[in-house]
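# Show me how the following folds:
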Amino acid sequence: MKAVDSKAVSKSTAKKKPEVTKTTEKKTPAEPVEAPFEVADKVVYPHHGAATIIKKQKISFDGVRVEYFVLEVATDQLIVRVPVARAVELGVRPVISRNVARRVFATFKDDPQEAGSNWSRWYKLLTEKINSGDIFQVAEVVRDLTYAQQVKGISPALKRMLAKARLIIVSELRFALDLDEEDTVKKLDRALPKVEEDEDE
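This is a model prediction of the structure:
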């Protein structure tokens, strides 16, 4: 009878660690979100405000044809091209409804936020809001800078920012409320609170 080597048995009966095989899954590029817009739709493009899609246009770059929405910005007839496949990603959205517009006007009645001691941080916050594409944030910029202008005056840079914010918000509200620009501006000015001066001064 052959002697059995216990070391050999322990080696052969020991549980082998399962082999880990790395599988490299092919990463498929994320499919672009289909833009729910058509020619003649009224949309909003961040920083520019409301616009009308006047057409679709295909442009070739290095042999690749890319389809664009061609937008005519309401405020200054600026023409902007946005890739159809990236329109939603870039913040293009539908114009707000009439009911939402009423909530925007309610924002003007809220207490304004002031600069405080950290002016540069406040300026950065206002810039982020005006570029957000969110009409409520743009409304806050109009409210806060209008208040600051009435109370203590604002710098030329902030005056330009206020003018830009007013253009953006008027452009969308006129579409939402189906008004012309002049009537929309009047409605905006009536909604903004006025700082009453002290009669003793």
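# Isn't Leu71 up against Val80?
Yes. Between Leu71 and Val80 a contact is recorded at 4.6 Å, counting by CB atoms under 8 Å. (Each C-beta comes from the backbone N, C-alpha and C, glycine too.)
# Between the two, tell me which one has more neighbours.
Leu71 (25 against 15; other CB atoms under 10 Å).
# before we move on, back to that, what residues do Leu71 and Val80 have in common as contacts?
By the contact definition CB atoms under 8 Å, 6 or more residues apart in numbering, Leu71 and Val80 are jointly contacted by Tyr45, His48, Ala51.
# ok, the residue lying closest to Ala50 once chain neighbours are set aside - contacts?
Distances taken as CB to CB, 6 or more residues apart in numbering put Ser171 closest to Ala50, at 3.9 Å, once the chain neighbours are dropped. Residues in contact with Ser171 (CB under 8 Å, 6+ apart) are Gly49, Ala50, Ala51, Val73, Ala74, Thr75.
# Select the longest strand from this protein.
Identified as the longest strand of the chain according to DSSP state E is strand 49-61.
# Break this protein down into its domains, please.
42-94, 98-191 (automatic domain parsing).
# TSV please, covering those and showing mean pLDDT and distance to Ala35.
Shown next, in TSV, are the domains of the chain (pLDDT from 0 to 100; distance: least, CB to CB, whole Å):
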stretch	mean pLDDT	distance to Ala35
domain 42-94	93	4
domain 98-191	94	15
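# so which of those gets nearest Pro36?
Checking the domains of the chain against Pro36 by CB to CB gives domain 42-94 as the closest, at 7.9 Å.
# Report the distance from the closest one to the chain centre.
14 Å (CA atoms, centre = their mean, to the nearest Å).
# Do me a favour and get the end-to-end distance for that domain?
7 Å (CA to CA, to the nearest Å).
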